[in-house]
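Asks: Fold the following.
(2 chains)
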2 protein chains.
Amino acid sequence: MAVEAAVAFAKDNGARFIEELKALLRIPSVSTDPQHTGQVRQAAEFVAAELRRIGLESVGLIETSTETRTGHPLVYAEWLKLPGKPTVLCYGHYDVQPAEPLEEWVSPPFAPEVRNGNLYARGAVDDKGQMWMHVKALEALFVAGGGKLPVNVKVLIEGEEEVGGEGIAAYVRAHADRLRADVALISDTDLFAPDLPTLCVGMRGMIYTEIEVRGARTDLHSGMYGGAAPNPFMALAHLLAKLKDEDGTILIPGIYDRVAKPSDAEVQAWQTLPFDEAAYLAGQVGATELVGEPGYTVLERVWVRPTLEVHGMPGGFIGAGAKTVIPAKAMAKVSLRLVPEMTPEDTFQKLKLYIEEITPKGCTAEVRMIHSGEAFVVSTDNPFIGAATEAMRRVFGKETVFVRGGGSIPIIGDFIRVLAMPALIMGFGLPDDNLHAPNEKFNLSNFHRGIESIVRWMALVGA
Amino acid sequence: MAVEAAVAFAKDNGARFIEELKALLRIPSVSTDPQHTGQVRQAAEFVAAELRRIGLESVGLIETSTETRTGHPLVYAEWLKLPGKPTVLCYGHYDVQPAEPLEEWVSPPFAPEVRNGNLYARGAVDDKGQMWMHVKALEALFVAGGGKLPVNVKVLIEGEEEVGGEGIAAYVRAHADRLRADVALISDTDLFAPDLPTLCVGMRGMIYTEIEVRGARTDLHSGMYGGAAPNPFMALAHLLAKLKDEDGTILIPGIYDRVAKPSDAEVQAWQTLPFDEAAYLAGQVGATELVGEPGYTVLERVWVRPTLEVHGMPGGFIGAGAKTVIPAKAMAKVSLRLVPEMTPEDTFQKLKLYIEEITPKGCTAEVRMIHSGEAFVVSTDNPFIGAATEAMRRVFGKETVFVRGGGSIPIIGDFIRVLAMPALIMGFGLPDDNLHAPNEKFNLSNFHRGIESIVRWMALVGA
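Replies: The predicted structure follows:
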């Protein structure tokens, strides 16, 4: 059987796969930082070269750009030689989050290192490592199939997932015919628990905004003006405190109006998941206690309830020591995570109107949208999901659980809505993999199980 | 008359005085930044060399250090050859505030430039330019007096005024006998209005603190954890909003208990000052409106009422673009300005206790004192004040007004309390000189009038 040969090839070549991945992880493809533009492209070329080497065709970089910025390229490849068989669109991203704060990394973020069966590096699991599972599964299937795959494949890998993915979104809209397939495969999520096969069937959307508050025309001396001149940071504090209360309820009028509730059956199934709130608090969060909207479980709060978060507050004096300045302006980077039926446009409008209403006197406020993405849920009622649970049963020896994701992969919504196909969101990270944080890692046994799961799934889909 | 000869000498040499001052302003003696340590010392040596050249004795640098840090040196000089005559302690500082934000300067902060009769540079008025008036007045008096001054003089110039002045405070306490004099002359303040001779008879004190809030153990992905993990910036926003309300009333329990009210006579005199609130708002502040504690005039709010200000909020993601992180920690740089009878220790204790009480759940908060200084008022009932009003009447042709200062010069409190002498706070800046802000300037006619005023005052004191 070709599928068992492919699995065996992947096992025999596992150590090489990891060395190749390390080489990719050494490229600091930080998409948000213009200083890394060249390295982002280098990562794209690295991936394209490997896709070409293993046997894909029409491999190339696709340039992207929007009205506001020059984008990072997409990597495209295809193998479409089985008329009548299903076509899979494999999606991943080769860009990574910034690595700061650097001083908290045990080993440097772009010097990948294996410790205790985990590969540590920025991008290890999000998403270079998981994208590499796709590439290596395809390689194994090509070798075992004597240069043939069991299904038709299109590969689309982007370099702007961490900065909003505007380029791929525009490309998908403009080239729907070229990209159309029967199912999209996305591996950029986690197993719910170690050894528990998991499919993600819905994710939150988001709007990421900058709220800038201006007070005096120029920075002022806090001795001379303190008590009479407006302080934009203090104004921003009052404003933020009015956006979300201390219990975690968002106070923007109408914000919960469109929130779609999950079905009772889905909520009940979540109650059977192996979720230990005390372990989650101690092991993953590490705060004195959890917070959040009253009346909802932790999983509901992070999966199907909107949230509002502050990511940083640029402006003013942030150096060592003391500077007695009343800054002329202050900013807060604020995002809202959206759940199904909320839309980015409607949410942004409500935020903007409310901020106009609550801006403290003496100050003016401006709200800018940096990027956005829609929330989505996918149906579990299709053969691709069935094949995935079967494939993972063989690899893990367990039944698959269905979960939601609290994060946002905006392009999945576009695949579902624009390309009119189901999405199979089959990721192999772990909840403590430190995504977007120092010491990001990928458990290597999950890397190998991910490759085997994809191999078996494609074989089943093409059977 | 030697005094008229000294005034004439200062006029004849005014252009040279400005060139010398420019050379001093070119030295970026930013005391808060460890990278500038060498340049801070260079400024001290520049000043010491000039004091030596003009005829002062025992000129030298005095090293300072405290338990927590190595300090910047004091410059000391003296001329004590008139037994029976009063001794004046001339105080100033040669260190400056950081120059950021650099992009808002019309000409670079350390490349002094004269435009429209103003000298623009960081430190132009605060305090290198005003300290240089002392030095040049002494030079003029030495020359006109054939190597003799009309009074005994001690000069003490510090390099840490902008970082709390711990070094000079410790030195004053340890060497009170060496420094004792009959009056301290300080020029580090403003004229109340252009052409209006002004003496400052009281200043606010301050505590400068850092409030650090910690939530999760490490930075977290806002998608995966948003809604369940504490957000330290959001917690800090709630905390700051509870420290001061939107009207400008400080909410720390007991904070107003010790506030001493100014006399009715003093408050009435302030009502006759040429203060135009609309012009202050439009010309100096440039915000949409003024803010502050209800029930008090603007001058009362900035002179005799405490205030609480946020200077910056380090931590989190402050780069361009978007990073979807829930930061593990957030900080606010917060100061309180104190008025007479409030003490730094008591105020800090009240702040600390209150923050413990209001720290939002899921987070811990730590408050650190960075530096502090006492508020003070000085009596106007002494011959040195009388001589100053007489000197300035001759220079400006007007009666002197008595004002308070909203800023803090902590060492003046020590001169009054530790050295048991009155302080003459005679400054020649203007309210729109952009202290601690971009485009700091010093009006050059005030520089020259300042020198003449000091020359005439010293002559009267020694008469």
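
Asks: Touching, A:Thr359 and A:Leu240? I think so.
Replies: No - at 11.8 Å, A:Thr359 and A:Leu240 do not qualify as touching, with contact defined as Cβ atoms under 8 Å. No exception for glycine: its C-beta is placed from N, CA and C like everyone else's.

Asks: When the two are compared, which one has more neighbours?
Replies: Counted by other Cβ atoms under 10 Å in any protein chain shown, A:Thr359 and A:Leu240 do not tie: A:Leu240 has more neighbours, with 24 against 20.

Asks: Where does that one fall, secondary structure wise?
Replies: helix A:232-243 (DSSP states H and E).

Asks: Repeat that for A:Gln39.
Replies: Secondary structure assigned from DSSP H and E places A:Gln39 in helix A:37-54.

Asks: how does chain A divide up, domain by domain?
Replies: Residue ranges of the domains in chain A are recorded as A:2-203+A:375-462, A:205-259+A:306-373, according to automatic domain parsing.

Asks: Do the longest one and chain B come into contact?
Replies: What that stands for is domain A:2-203+A:375-462. Yes - applying Cβ under 8 Å from any Cβ of the partner chain, one finds that domain A:2-203+A:375-462 is in contact with chain B at A:32-34, A:97-98, A:100-101, A:104, A:162-164, A:190, A:203, A:405-408, A:431, A:434-439.

Asks: Sketch out the strands for the stretch 1-150 of chain A, chain order is fine.
Replies: Per DSSP state E, counting those that start in this stretch, the stretch 1-150 of chain A has strands spanning A:57-62, A:74-79, A:87-93, A:113-115, A:118-120. These are given in chain order.

Asks: how about the fourth one: buried residues?
Replies: By that I understand strand A:113-115. Of all the residues in strand A:113-115, those buried under the rule 16 or more other Cβ atoms under 10 Å in any protein chain shown are A:Glu113.

Asks: How about the first one?
Replies: Of the residues in strand A:57-62, A:59, A:61-62 count as buried by neighbour count, 16+ other Cβ under 10 Å.

Asks: Pairing partners for that strand, with directions?
Replies: For strand A:57-62, the paired strands and their directions (DSSP bridges) read strand A:74-79 (antiparallel).

Asks: Contacts made by the strand it pairs with with the rest, please.
Replies: The set of residues that contact strand A:74-79 without belonging to it, under Cβ atoms under 8 Å, 6 or more residues apart in numbering or on different chains, is A:44, A:47-48, A:51-52, A:55-62, A:64, A:94, A:149, A:152-159, A:167-168, A:171.

Asks: how far off strand A:87-93 does that strand point, in degrees?
Replies: With axes from the mean of the first three to the mean of the last three Cα atoms, to 10 degrees as the criterion, the two stretches strand A:74-79 and strand A:87-93 enclose an angle of 150 degrees.

Asks: Where does the stretch 1-150 of chain A get nearest to chain B, residue-wise?
Replies: Chain B sits closest to A:Thr32 of the stretch 1-150 of chain A, with a gap of 4.1 Å, by Cβ to the nearest Cβ.

Asks: so what's the residue nearest to that residue when sequence neighbours are not counted up against?
Replies: Setting aside the residues directly before and after it, A:Thr32 is nearest to B:Gly321 in space (Cβ to Cβ, 6 or more residues apart in numbering or on different chains), at 4.1 Å. Contact partners of B:Gly321, counting by Cβ under 8 Å, 6+ apart, are A:32-33, A:163, A:370.

Asks: run the last query once more with 7 Å
Replies: Contacts here follow Cβ atoms under 7 Å, 6 or more residues apart in numbering or on different chains; on that basis B:Gly321 touches A:32, A:163, A:370.

Asks: tell me the SS of it?
Replies: Classification of B:Gly321 using DSSP: H, G, I helix; E, B strand; the rest coil returns coil.

Asks: go on, A:Pro314?
Replies: A:Pro314 falls in the strand class when you classify it by three-state DSSP.

Asks: Spatially nearest residue to it, not counting backbone neighbours?
Replies: Closest residue to A:Pro314 in three dimensions, ignoring its sequence neighbours and counting by Cβ to Cβ, 6+ apart: B:Ile318, at 3.9 Å.

Asks: is it fair to say the one you found lies in a strand?
Replies: No - counting by three-state DSSP, B:Ile318 is located in no strand; its state is coil.

Asks: what about it, neighbour count?
Replies: Using other Cβ under 10 Å, B:Ile318 has 17 neighbouring residues.

Asks: about what we covered before: by how many degrees do the helix holding A:Leu240 and helix B:232-243 diverge?
Replies: Taking the same axes, to 10 degrees, helix A:232-243 and helix B:232-243 form an angle of 100 degrees between their directions.

Asks: elements contacting helix A:232-243?
Replies: For helix A:232-243, the contact count by 3 or more Cβ pairs under 7 Å, 6 or more residues apart in numbering or on different chains; DSSP states H and E identifies strand A:205-214, strand A:307-316, strand A:329-338, helix A:344-358, helix B:232-243, strand B:307-316 as packing neighbours.

Asks: Residues in contact with it: which ones?
Replies: Residues outside helix A:232-243 that contact it (Cβ under 7 Å, 6+ apart): A:213-215, A:250-252, A:308, A:310, A:313, A:316, A:327, A:329-330, A:332, A:355, A:358-360, A:363, A:365, B:234, B:237-238, B:240-241, B:244, B:246, B:310, B:313.

Asks: Now, of those, which are buried?
Replies: For the contacts of helix A:232-243, a burial check counting by 16+ other Cβ under 10 Å picks out A:213-215, A:250, A:252, A:308, A:310, A:313, A:316, A:327, A:329-330, A:332, A:355, A:358-360, A:363, A:365, B:234, B:237-238, B:240-241, B:244, B:246, B:310, B:313.

Asks: Much appreciated, bye for now.
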